[in-house]
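# sequence-free structure coming up:
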Ligand SMILES: Nc1nc2c(ncn2[C@@H]2O[C@H](COP(=O)(O)OP(=O)(O)O)[C@@H](O)[C@H]2O)c(=O)[nH]1
Ligand SMILES: Nc1ncnc2c1ncn2[C@@H]1O[C@H](COP(=O)(O)OP(=O)(O)O)[C@@H](O)[C@H]1O
């Protein structure tokens, strides 16, 4: 098995069901990957737990982390910062553990630059009307925010071409199953073995 862990990035437009599908996957195989808890400046919603759903911080604290080089990626999304703390991700990957990120598309593209051998999966809605309906059903946003999120969603869906796989979130168990299958297959990709083999055989990495 490759020694360094695999970085799995689940991304897609807001409201498509990333959180729901991620929770379904983790309820099926809790010990397989390690979820990277994001940092955000947005307000805590009822039922959310600091350190579990997000690390909730002030704008000043977030900007300090950026300055200190503490973020793997970050994005400003509908007036708030969201980002992935670098330390946890690095520690887990170094220990050979697989890390799972659930982030929006701008952040995912930053990760793509920094970790090109990561696995990038795009969760897409069956159609735009369904996406709007899901955001409305969730009941966490007022109409103005829903409109902002929908405007963004069109641009976000265009980013699909930069991903390795697209998964339609029609039904949660089906989408989770498809993602699990992709991850299982990806573990055996030749490119993940090459660095270790080259080292063992004393081959120059440039070859
Ligand atoms: N770039 C980036 N995006 C994130 C991160 N954490 C969450 N997001 C995304 O930010 C967007 C807004 O998140 P949130 O306010 O929790 O809304 P929700 O995910 O739509 O419920 C969603 O698309 C999240 O997936 C992160 O660490 N980095
Ligand atoms: N396959 C699905 N079919 C119907 N509703 C869904 C599906 N997946 C998620 N939802 C609902 O859509 C809303 C948005 O899901 P959420 O996981 O918060 O999205 P995201 O994390 O991408 O913003 C939630 O109310 C959720 O219950």
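Nice, I can see it. The structure displayed is predicted, hence computed values, not measured ones. Numbers count the residues shown, from 1 in each chain. Ligands and ions are numbered 1, 2, ... in the order given.
# Which stretches in this protein count as strands?
Using DSSP state E, the strands of the chain run over 7-11, 33-35, 39-40, 55-56, 71-77, 80-85, 98-103, 119-124, 165-168.
# Make CSV out of those and add mean pLDDT and mean neighbour count.
Where C-beta positions appear, they are placed from N, C-alpha and C, glycine not excepted. Listed next are these as CSV, based on pLDDT from 0 to 100; neighbours: other C-beta atoms under 10 Å:
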stretch, mean pLDDT, mean neighbour count
strand 7-11, 97, 24
strand 33-35, 92, 19
strand 39-40, 98, 20
strand 55-56, 98, 16
strand 71-77, 95, 20
strand 80-85, 97, 20
strand 98-103, 96, 22
strand 119-124, 97, 23
strand 165-168, 97, 17
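# Which one, of these, ends up nearest to residue 22?
Smallest distance to residue 22 across these (C-beta to C-beta): 4.9 Å, for strand 98-103.
# The spatially most central residue of the chain and ligand 1: what is the separation?
What sits nearest the mean C-alpha location of the chain, by C-alpha atoms, centre = their mean, is residue 102, with 2.5 Å. To ligand 1, residue 102 is 5 Å away according to C-beta to the nearest ligand atom, to the nearest Å.
# For that residue, which residues count as its bridge partners?
residue 10 (DSSP bridges).
# returning to what we had before: any chance of the strands of the chain in a markdown table, plus distance to residue 144?
A markdown table is the format used below for the strands of the chain (distance: least, C-beta to C-beta, whole Å):
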| stretch | distance to residue 144 |
| --- | --- |
| strand 7-11 | 24 |
| strand 33-35 | 31 |
| strand 39-40 | 20 |
| strand 55-56 | 23 |
| strand 71-77 | 15 |
| strand 80-85 | 15 |
| strand 98-103 | 24 |
| strand 119-124 | 25 |
| strand 165-168 | 28 |
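# For ligand 2, what's its nearest residue on the chain.
residue 17 (2.8 Å; C-beta to the nearest ligand atom).
# and residue 11, what does it touch?
By C-beta atoms under 8 Å, 6 or more residues apart in numbering, residue 11 lies in contact with 18, 102, 103, 104, 105, 107, 108, 120, 121, 122, 123, 163.
# any idea which of those is closest to residue 52?
Distances from residue 52 to the contacts of residue 11, taken by C-beta to C-beta, are shortest for residue 102, at 13.2 Å.
# which other helices and strands contact the least confident helix or strand in the chain by mean pLDDT?
Averaged element by element with mean pLDDT, DSSP states H and E, the chain has its least confident helix or strand at helix 190-201 (a mean of 80). Taking 3 or more C-beta pairs under 8 Å, 6 or more residues apart in numbering; DSSP states H and E as contact, there are no helices or strands that helix 190-201 lies on.
# now that helix, how far from the centre of its chain.
26 Å (C-alpha atoms, centre = their mean, to the nearest Å).
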